[in-house]
Structures are given as structure tokens and as C-alpha cells.
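# Sequence and predicted structure below; questions after.
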Amino acid sequence: MDYQKFYNSSIDNPEEFWKTQSQNLDWFKQPNTILSKDKHDYYQWFADGQLNLSYLCIDKHINDGFGDQNAIIYDSPVTNTKKHITFNQLHKEVSKLAGGLQALGLSKGDTCIIYMPMIPQAIYAMLACARIGVTHSVVFGGFAPHELAIRIDDCKPKAVITASHGIEINRIIPYKPFVDEAIKQTNSKPEKVIVFDREQDVEIPKKPYDVDYKTLLENSDSIDAIPLEATHPSYILYTSGTTGKPKGIIRDTGGYATALKFSMKHVYGVEEGDVYWAASDVGWVVGHSYIVYGPLLNRNTTILFEGKPIKTPDASTFWRVISEHNVKVMFTAPTAIRAIKKEDPEGDLIKNHDLSCLKYQFLAGERCDVATLHWTEQKLKVPVIDHWWQTESGWPMLANMVGVQLQDVKPGSASLPVCGYDIQILNEEGQEVEAGVEGLVTAKLPLPPGTLLNLWENPQRFKSGYLERFPGYYFSGDGGYKDEDGYVFITGRVDDIINVAGHRLSTAEMEEIVASNTSVAECAVFGVHCEIKGQKPLGLVVLKSGATTDYEAIQTEIIKDVRKEIGAVASFKDVLVVNRLPKTRSGKILRKLLRNIADEQQFNIPSTIDDIAIIDEIKSVYQTHHIGIH
């Protein structure tokens, strides 16, 4: 198939294109209205159609005679567990859990938070919610109670589904105590907390609102999936906002199912029955789209991996999983590859495994540097595809669409626009820029199916954040440029969001926590280059007059505060004390300048700076603490 012709057809006649793709799904009621607008005057897809994600991921395949195919392979090096779960077994677990949720009073239109480690019950919970029209919100298990509390107050769940604990290398994450602490902090109290006990001698604090997961299943009836409108919100997924308050991205049902089915075949090049592995977490968008819904919709066997790329037990674990489970296509973040490369620079551990089953290696979640791309290509000897998308889009926006036509790989580029995405690079005035000129990455409306429907209970923030800056376009928040062949190069965020190992985090939120320390007069937190994680946060603080000169104690306290409020996921480990911060004459802190100095990039000294001598002071502090020595 010719990529350009196929892509053009999606842009020139989107309704016809996506109507054809939607016919690959088993609808309860086929849609007649393909593209329309909602009450907020925003585009929506397949408004009069009815379907159910849980039915499409499970029941359809059983009805087609594939009940004994493996739906999930659970591989947990941290517990030394491997488990194969067929579609028949998945159906039993999900339909009974859905019956249990219904018996507890949850029904279509309610919300439910899922706060779980990478265990099969996390997937069961997502699919059980989808089965009865309960909008789920999975919160990443690495988030601290404060972050969980913010999300509970925003989406007001009727229930929380959690586990006794999570298991990391050499430590236990106390999930249930974290949930209890979060509920203490909230105004909106969930009625029930359903607790899956992992039974590993970890004590679970008991509360009146607790419901035992296993007992609930034993006493519940299996129930069928209910028909849902295509525009029904399947889930809310929170992403960092520049205000420090997370944004609840709403995903629909019909457009999402259509886009994911399309992407499995055309972007990732997998057919029904293939084994597919996205090494992410169900708390992130990659986990939603490509551990759970995408592969199961397409009747792929999906790998659920509870471990790390290194130290579980070593840097060969990814290659062991690919070889042992016959993985055809794998998707991970460049951070994971960099961690493996650091431990095994020559790739010697790869030679111990037969990777002949692997056809493509996909990378995303952050920009892939050229060295990592080349190392992966050389060691795996398969096409390595860097691609780009966002929590908001739900599925790839830029990619080498290997299921359509494998294009040349250009290091540093996330390749070409995916069908349905009319990607344009605009300047601040909203005009298209020439090839090679950096600008702001946008997509012309309407966006294709599967992208965000709105922000949870905040349509005004949705419009102001994504649509108002360039009328007629979706603004991605990223900068970038196109080359003369139309390949797009993403250069990074243009707001205060940083990307730490594929996790989008708000430096404004970290800054707020740092500023609350009683010794701090003012501060700046910004992202700097990190060899392994891509970016990491760096905090600069100016202390109040008369504050203690025990800088180490202050630094330790600040780091502990950020970890407590946001969680270990922030990777906030560097705080430097400075005499003053560079500012404009109007008082704005020059964070971009601070970042550029730290990253040893060329920079122009802004003409608006209030005191040029401060630059040498900052450089001196960086050098003393070895910041910028890569």
C-alpha cells in the first residue's frame, strides 16, 4: 500500500475514511452519523453508534472461536511469576468483577479510580468498568497519596479498586495505606475501596469502607456487556497541567475503538493472533491503549510485565521476555533502552536470546536521541521506529506506518503524520513556517477518532489550553519543525512540563512544594538533560535572610517534601542554593536561560535581564556541583 495515497485519503475525505475503518468493529448499533459536533461545538465521532469496549476485547473473540487463545501473558520477575490467561479465563474474571461492581451500586455514569500495580487484576478492573459503563480513571501506582487525593476530588469516584501493595526492586509500595491516606485528604469520599490482597505477608490496614476483592468475585454473578453510546466516556486519564492541577483527559468509546483497531494493523503492523508487548504501565496512556485495549481489540496476546528493564534480574530481561513469549512487536521508552545500554554497552546479553520473532521495535514517550536509536538498530537488527503522540491523542500522531509502507528512518525524527492527523508547524502568529524552521506543532481540526473528547468537568480549560491559541487547530504544546520531505522533528515542550523517563510532570507543581519550605525565599524548578531519563528536574533556591547555613539539611528536606507530595516518579534529587536568580526587569525568572546554561547549550542573553553578572554566578554554582558535565 502506498503511504502517501492512503494518508491523503484520510485528510481529503475523513468521514468516508473513518466510516470504512469503523466497519472493522462489531457494533451493537452501526453509526449513521460519522462526524458531528457536541454541545460545546467540538467534533465527535460516530455519535449515534453503540458498542462496548469490554465486549470487543473479550466476548467477540470467544464468539469467533478463539476462547482458548492467550489474551494476556503475565510475566513478573519481581515475584518470579508467569501466568497465561486465555480469553475464556479473562471473560470469567471480568464478567464476575463487573457483576460485583454492579452489586455494590456502580452503574453507567459513575466513576471509579483504579490504583494498582502491574498485575492482571488491574486489567480486569479496567475491562469490568467498561463492561457496565462505569468511567474508570487509572492512577499510576508511583504517585503519592497527595496526587491520588487530587484525582479523587476531581473525578469523585464511587469506588476505588486497589491492591494490598506493589513490589519494586528491594522495596514494597504500600498501596492500601496510600489510598487510606489519600481519602483522609479528600473532600469527596468514595463509598467503597475494593482491595486485592496479594498475600505476601504484607499487613493490610482495615477500614469500614473496605471490600475484599476475592470475596466480592466469589459472591458475584457474571454479567453481559451493556451497549454504550460511541461518545460515552470510557475513561479519564490525568496528565500534568501547567497550573499544577492535573487535567482529566476524557476518552470516548467508539472513536477510540476504531482508532486502536486501525493503529494495531497500520501503525504497528500486527495481525490477529500475534504477540505484542508495550513495556509501560497501565497508569499511563501507553498502558491504556497498548497494554489493554488496542491489543485485546485486535485479538493480540498482550504482555503484562511487572518489572524493570534492568535489575530484574539484569539488563537481559527485555530480551528474555521477547524470546520466551515470541513477541513480534515491542514498544518501550528510550529511557529503558538507555538504562539497558548503560548496563550492557556492547549488547552481550542480547546474544544469549533468540530474537528472530521480533519484527519491529517501537520507541516513544520522549524524544529518542540519535545514539540510542543507532545502538538499538545495531544490536536488535530490526527496524527501530521512533514515533510521537500524547495522552491527549490516545494513539500515534507521527509514526513510520509499518503496516502501510515502511519508510526510511531519519534519526531524530518521529517520521511522518499518521492517517487522520494534518500536522502543521505554525509560528506565534498562526502562519505555517517553511521547511527547516522551528515553530509550534499543531494539528488541523477535526482530529481523527480516538483523541480527547474534552477535559473532565472543565470544557473551558479544554478550549483555552488546546483550541483558542490557533483557531481551527489543536495545539500540542510541543515545538518542532518539518524537513523538506515532510518528516517532523519534535524539539520538546514549550510550557513548564518536563518529560522524565516518559512521564510528563509539572515543574510548576514541584516549584510550589519547594517554595513552601520555610527557609526558601524564592526558587526555580526546571528540566535539565539526563543521560538515562532524558530529562530530570533541577531546583535552584534562594534562602531567606537568617535561614540556616546547613545547606545539606535544607536540600534533604526539600527533596523529601517533593517525594512525599508527588512521589518517587518525580526523580527530584538535585537542589542547589544560589544567592539570586536571573530575572527580567519586570521580575520574571528566566528559566529557559537557566536550563540552557545547565545543558551547555548556546544561548542568547536576553536584553531584558536585570543583571548580566548573575550568569557567571550561576555557571560557577553549576560547575561546583558538576551540573552540565554529561
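That came through, no problem.
# Is Ile226 part of a helix or strand, or is it coil?
coil (DSSP: H, G, I helix; E, B strand; the rest coil).
# the strands in the stretch 301-450 of the chain, which residues?
Remark: strands assigned in the stretch 301-450 of the chain by DSSP state E, counting those that start in this stretch are 301-305, 329-332, 360-363, 384-386, 398-399, 416-417, 422-426, 439-444.
# and stretch 446-465, how far from the chain's centre?
Put simply, stretch 446-465 sits 17 Å off its chain's centre (CA atoms, centre = their mean, to the nearest Å).
# got a list of what the residue lying closest to Lys341 once chain neighbours are set aside touches?
Among residues not flanking Lys341 along the chain, Trp375 sits closest, at 5.5 Å (CB to CB, 6 or more residues apart in numbering). The way it works is simple: take the backbone N, C-alpha and C, and place the C-beta from them, glycine included. Contacts for Trp375 (CB atoms under 8 Å, 6 or more residues apart in numbering) come out as Ile337, Lys341, Gly347.
# ok so, going back, so which of the strands of the stretch 301-450 of the chain is nearest Pro459?
strand 439-444 (19.2 Å; CB to CB).
# Strand partners (parallel or antiparallel) of the closest one?
Note on strand 439-444: by DSSP bridges, its sheet partners are strand 422-426 (antiparallel), strand 473-482 (antiparallel).
# who's in contact with that strand?
Taking CB under 8 Å, 6+ apart as the rule, strand 439-444 contacts 397, 421-428, 433, 470, 472-476, 478-481, 488, 490, 494.
# how about that strand: buried residues?
Going by neighbour count (16 or more other CB atoms under 10 Å), the buried part of strand 439-444 is Gly439, Leu440, Val441, Thr442, Ala443.
# Over to stretch 344-359?
Asp344, Gly347, Leu349, Ile350, His353, Leu355, Leu358, Lys359.
# And stretch 240-255, by the same measure?
240-242, 244-255.
# cool, and stretch 449-468?
Within stretch 449-468, the residues that qualify as buried are 449-456, 458-459, 461-462, 465-467, counting by 16+ other CB under 10 Å.
# Check stretch 463-482 too.
Of the residues in stretch 463-482, 465-467, 469-470, 473-482 count as buried by neighbour count, 16+ other CB under 10 Å.
# Just the residues contacting the worst-scoring helix or strand of the chain on mean pLDDT, thanks.
Lowest on mean pLDDT, DSSP states H and E among the helices and strands of the chain sits strand 503-506, with a mean of 80. For strand 503-506, the external contacting residues (CB under 8 Å, 6+ apart) are 140, 239-242, 244, 284, 391, 496-499, 537, 566, 569-570.
# How is the residue in the chain sticking out farthest from the centre classified with respect to secondary structure?
The C-alpha centroid of the chain is most remote from Gly546, which lies 43.2 Å away (CA atoms, centre = their mean). Following three-state DSSP, Gly546 is assigned to coil.
# quick one: it from Thr518, how far?
According to CB to CB, to the nearest Å, Gly546 and Thr518 sit 11 Å apart.
# same check, this time on Gly347
50 Å.
# same deal with Val139?
Distance of Val139 to Thr518, computed by CB to CB: 30 Å.
# Looking at those two now, which is surrounded by more residues?
With neighbours defined as other CB atoms under 10 Å, Val139 and Thr518 compare such that Val139 has more, 28 against 8.
# Now do the contacts for that one.
Contacts for Val139 (CB under 8 Å, 6+ apart) come out as Ile113, Ile114, Tyr115, Glu147, Leu148, Arg151, Tyr238, Gly283.
# Mind pulling up the pLDDT for the nearest residue to Tyr238 once chain neighbours are set aside?
Take Tyr238 and drop its neighbours on the chain: the residue closest to it by CB to CB, 6+ apart is Pro246, 4.0 Å away. We note a pLDDT of 80 for Pro246 in this prediction.
# One more: Arg493?
78.
# Run through the bridge partners of it.
Asp478.
# Run through the stretch 151-300 of the chain and note the low-pLDDT ranges.
Of all residues in the stretch 151-300 of the chain, those with pLDDT under 70 make up the ranges 241-244.
# Could you break the chain into its assigned domains?
3-307+387-476, 497-624 (automatic domain parsing).
# can you tell me how far Asp369 sits from Lys207?
47 Å.
# I should have written Gln555 there, sorry.
36 Å.
# Comparing the two, which residue is more hemmed in?
Taking other CB under 10 Å, Gln555 and Lys207 do not tie; Gln555 has more neighbours (17 against 12).
# got a list of what that one touches?
Contacts for Gln555 (CB under 8 Å, 6+ apart) come out as Val575, Val577.
# what about it, which helix or strand?
Assessed by DSSP states H and E, Gln555 sits inside helix 551-565.
# so which of the domains of the chain gets nearest Glu324?
domain 3-307+387-476 (7.9 Å).
# what about that closest one, distance to the chain center?
Centroid separation for domain 3-307+387-476 versus its chain: 9 Å, with CA atoms, centre = their mean.
# how long is that domain end to end?
With CA to CA, to the nearest Å as the measure, the first residue of domain 3-307+387-476 is 24 Å from its last.
# now swap in stretch 465-475 and tell me
By CA to CA, one end of stretch 465-475 lies 8 Å from the other end.
# what's near enough to touch the nearest residue to Lys92 once chain neighbours are set aside?
Distances taken as CB to CB, 6+ apart place Ser222 nearest to Lys92, at 7.0 Å, with adjacent residues excluded. If you count contacts by CB under 8 Å, 6+ apart, Ser222 has them with His91, Lys92, Ser95, Lys96, Ala98, Gly99.
# go again using 7 Å as the cut-off
Shown in contact with Ser222 (CB atoms under 7 Å, 6 or more residues apart in numbering): Ser95, Lys96, Gly99.
# same deal with His288?
Here His288 is in contact with Val138, Tyr235, Leu237, Val282 (CB under 7 Å, 6+ apart).
# Kindly report the same for Arg151.
Neighbours of Arg151 in contact, by CB under 7 Å, 6+ apart: Ile113, Ser137, Val139, Tyr238, Pro246.
# For it, what are phi and psi?
Per-residue torsions, Arg151: phi -70, psi -40 (degrees, to the nearest 10).
# which residue ranges form the strands in the stretch 151-300 of the chain?
Under DSSP E, counting those that start in this stretch, the stretch 151-300 of the chain gives strands at 159-163, 166-168, 171-173, 192-196, 210-212, 228-229, 235-239, 247-251, 275-278.
# Tell me which of those strands sits most buried.
strand 159-163 (a mean of 28; mean count of other CB atoms under 10 Å).
# Who are the packing partners of that strand?
Here strand 159-163 touches strand 111-115, helix 175-185, strand 192-196, going by 3 or more CB pairs under 7 Å, 6 or more residues apart in numbering; DSSP states H and E.
# just those: most buried one?
It is strand 111-115: most buried of these by mean count of other CB under 10 Å, with a mean of 26.
# Direction included, what does that strand pair up with?
Here strand 111-115 has these sheet partners by DSSP bridges: strand 135-138 (parallel), strand 159-163 (parallel).
# export these to CSV and tack on distance to Ala47?
Output for the strands paired with strand 111-115, formatted as CSV (distance: least, CB to CB, whole Å):
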stretch, distance to Ala47
strand 135-138, 18
strand 159-163, 29
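# Which one, of those strands, ends up nearest to Tyr3?
Comparing these by CB to CB, strand 135-138 comes nearest, at 33.4 Å.
# got the contact list for that closest one?
If you take CB under 7 Å, 6+ apart as the criterion, strand 135-138 is touched by 111-114, 126, 129, 151, 155, 157, 233-238, 282-283, 288.
# who's in contact with the helix or strand encompassing Ile498?
Assigned by DSSP H and E, Ile498 belongs to strand 497-500. Applying CB under 7 Å, 6+ apart, the external contacts of strand 497-500 come out as 240, 242, 366, 504-507, 527, 533-537, 571.
# farthest pair in those?
Thr242 and Lys533 (20.8 Å).
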